[in-house]
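Visitor: any chance you can model this:
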Amino acid sequence: MFSVPKPAPEQTPNNPFLDNPFAKAFQEMMGNLGKTAAPDPQPAPREEEPGAAESYMGMLNAMFDSGLEVQKSYQKSMEAIFETYRPQTPPVSKPKA
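Guide: Here you go, the predicted structure:
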C-alpha cells in the first residue's frame, strides 16, 4: 500500500559508441557515399545583358585605378620624408692643389 514502485532497469546499449545521434547521422552519410545522385537537369544558359559585362569591367578598372592612385600617393609621401633628411645644398668640395 505504501510501497514505492521500483524503477524499471535501464537498458544499456550494445555499443555506446555507435548508439548516439551523431554516429547514426554519420552512418547515413557514409551509406550514401557509393551511390550516385541523380544528375540535376542543366538550366538553360541565360543571356547576359550587354551592359552587365561593361559594368563589371568598369568596376574592376575603378578598383585598379584607385589602387594605382594610392600607390603613387604613398610613393610621394615616402619621397617627401626622405627629402627632409637630405641636405638642401650639395657639399662643397675643396679643390685639390
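
Visitor: against Lys76, how distant is Ser66?
Guide: 16 Å (CB to CB, to the nearest Å). For the C-beta atoms, the positions are set from N, CA and C on the backbone; glycine is no exception.

Visitor: what do you get for Lys24?
Guide: 65 Å.

Visitor: using neighbour counts, pick out the buried residues of the worst-scoring helix or strand of the chain on mean pLDDT.
Guide: Within the chain, no helix or strand scores below helix 21-31, which has a mean of 84 by mean pLDDT, DSSP states H and E. For helix 21-31, the neighbour count (16 or more other CB atoms under 10 Å) marks no residue as buried.

Visitor: for that helix, give me every contacting residue.
Guide: 17-18 (CB atoms under 8 Å, 6 or more residues apart in numbering).

Visitor: what about the helix or strand encompassing Ile81, distance to the chain center?
Guide: Secondary-structure assignment from DSSP states H and E places Ile81 in helix 50-85. How far helix 50-85 lies from its chain's middle: 24 Å, per CA atoms, centre = their mean, to the nearest Å.

Visitor: I'd like the average pLDDT over that helix.
Guide: Helix 50-85 shows a mean pLDDT of 91.
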